[in-house]
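> the sequence and its predicted three-dimensional model are supplied below.
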Amino acid sequence: MTVDPRAALDRLIAALEAHYTAVASPHGEDDPAVDDAYDILADAFEVYDDALGTVHGEATPFYLAEEDDGDDEDDDEDEDDADYDDADVDDLADETSR
């Protein structure tokens, strides 16, 4: 089933508005309205991106982040990578300032 990209864009814009309204409204921690708006927004984005790809052969420059599965082992590796990247940037800055 091919979705019209224009209709998908309209749905995405409405989902963005609804998400903003849910986030901007007074709410407690873990508000189900914010969670629901997030899920609707994510779904609308995927439909829009797929429609662009199918009809026009193009994509947005965005991607949805993977859900955190709570695996602390991966987090440790990511922190190590971040430290390595920061060190590389510092080294590069030192080299270019000489």
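Alright, I've got the coordinates. Numbering: from 1, shown residues only.
> measure how buried the nearest residue to L64 once chain neighbours are set aside is and give me the count.
With sequence-adjacent residues excluded and distances taken as Cβ to Cβ, 6 or more residues apart in numbering, L64 is closest to A42, at 5.7 Å. In this view, the C-beta of every residue, glycine as well, is placed from N, C-alpha and C. A42 has 14 neighbouring residues, counting by other Cβ atoms under 10 Å.
> A42 reaches Y63, doesn't it?
No - in terms of Cβ atoms under 8 Å, A42 does not count as a neighbour of Y63; the distance is 11.0 Å.
> tell me where this structure has helices.
With DSSP state H, the ranges of helices along the chain come out as 5-24, 32-56, 72-97.
> worst mean pLDDT among those helices?
Ranked by mean pLDDT, the helices of the chain bottom out at helix 72-97, which scores a mean of 48.
> which residues do A42 and Y63 both contact?
Common contacts of A42 and Y63 (Cβ atoms under 8 Å, 6 or more residues apart in numbering): none found.
> I'd say A37 and V23 touch.
Yes - counting by Cβ under 8 Å, A37 does reach V23; the two are 7.3 Å apart.
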